[in-house]
Structures are given as structure tokens and as C-alpha cells.
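predicted model and sequence follow; I will ask about them next.
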Amino acid sequence: MGSDATSSLRRPTGFRQSLSAALAGLGMAATVGGALLFQHVGGYIPCALCLEQRTPHYIGIPVALAAFVLARLRASPVLVRSALLIVGLLMLWSTGLGLYHAGVEWGFWPGPADCGAVGGIDLSGDLLQSLDALRPPSCTEAALRILGLSLAGWNAILSALLAAIALRGAFARGDRFETK
């Protein structure tokens, strides 16, 4: 299998890889952007697991952008496909984090011991009063459910979809003429 995977990474790239990189990058940016909107506009303070779920997206966005640029420049197919593979693996990691967090929220398994996160503190007034008023959310309670799923559940679904897009692009046939 090792040589098959290596040879598929060397195949020429084209529109499919560019499209996969663009869709994955935009999807990750929209997912993180939505989370930031819920946080900063909606007032939902993220818990520790919520913040951790953003990490694969933060890493994956520039990697997807690099894959897109490399594909458009017709750079080395190994670089383009490897970048898409990395994005796919990052989104699988994000899917796992989302499933874990959703399971914690549903009580299927215990969450981490440090289950709260501290949001922004108002330093303009009385600091001690601000600290007393701040209640970090618990990872065990969904702050919001949309169509029955928490934001962690939606992150798992979106991340799985983005993983499929990136991995499909990493191993899909390219548009350029391929020689045998």
C-alpha cells in the first residue's frame, strides 16, 4: 500500500485539487468565523474543549491556502497533494475532538478535569469584582443546540465533510495529461 499511496501523491494535479483546497479553506474559515461570531457577537463564552476544537482549523486554513496557491501555480504534485492530505488529517482530528466534546455534553463519557475556560476580563473597573462575576462554562453542558445538535456536534459534522473534501482532492485524478 505504501507505494500505491506514494505514487498517487505524485500524479499530476489540476482543477480538482484547486477546488478541494479552496472549499476546505473556505469551509474551515467559515466554521471558525461562525464560532467567533457566537463568541463575540452572541456572547457565548467557549469552554476549554470548544477552544481546542478550533486549533485544527487555525492550522488547516493556511495549509489549505498554500495547497490552493501551489495547485494554481502548478507546483510539485507531491506538495499540493501532501498539503491536502495534511488538511484532511487535521479535519479528522477536528472531527474526533467534536465527537469527544459532544459525547461529554451528552454524558457518554467524562470530560477533562480542567473543563472550564476563562473568557475576557473587563480590566476597566474593579478587577476582583470582574473575576467574581466571570463564570467559565462547563464542557459538559451545551451552550446552544441547533436542530438538536450542539456546536461541538456541528463541528464534528462539518469537519468530517471538510476532511472528505480534502482527502478526495489529495487522491483524486488530476486534470493534466497523465502518462503511464
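Ah, there it is. All of these numbers come straight from a predicted model, not from anything done at the bench. Residues are numbered from 1 along each chain as shown.

can you give me the strands in the protein?
145-146, 149-150 (DSSP state E).

can you list contacts of the first one?
Where contact means CB atoms under 8 Å, 6 or more residues apart in numbering, the residues beyond strand 145-146 that reach it are Trp154. Yep, even glycine has a C-beta here, placed from its N, CA and C like the rest.

which residue would you name as the spatial centre of this structure?
Against the mean C-alpha coordinate of the chain, by CA atoms, centre = their mean, the closest residue is His57 at 3.4 Å.

tell me who's in contact with it.
Met28, Ala29, Thr31, Val32, Leu90, Ser94 are the contacts of His57 under CB under 8 Å, 6+ apart.

pretty sure the first one is touching Ala163, no?
Translated: Met28. No. Counting by CB atoms under 8 Å, Met28 does not reach Ala163; the two are 10.6 Å apart.

the more surrounded of the two?
Legend: neighbour count by other CB atoms under 10 Å for Met28 and Ala163, higher for Met28 (29 against 22).

related to what we said a few turns ago, compare the strands of the chain and give me the one nearest Arg81.
The closest of the strands of the chain to Arg81 is strand 149-150. By CB to CB, the value is 32.4 Å.

quick one: strands adjacent to that closest one?
Next to strand 149-150 in the sheet, as set by DSSP bridges, lie strand 145-146 (antiparallel).

what's the mean pLDDT across the strand it pairs with?
In this model, strand 145-146 carries a mean pLDDT of 74.

go on, stretch 31-47?
88.

what's in contact with that stretch?
Around stretch 31-47, the neighbours that count as contacts under CB under 8 Å, 6+ apart are 50, 54, 57-58, 61, 115-117, 119, 136-139, 143-144, 151, 155, 158-159, 162.

which of the residues you listed count as buried?
Neighbour-count burial (16 or more other CB atoms under 10 Å) applied to those gives 50, 54, 57, 61, 115, 117, 119, 137-139, 143, 151, 155, 158-159, 162.

in the protein, spot the helix with the most residues.
helix 77-105 (DSSP state H).

so which elements touch that one?
Here helix 77-105 touches helix 2-10, helix 15-40, helix 48-72, strand 149-150, helix 151-171, going by 3 or more CB pairs under 8 Å, 6 or more residues apart in numbering; DSSP states H and E.
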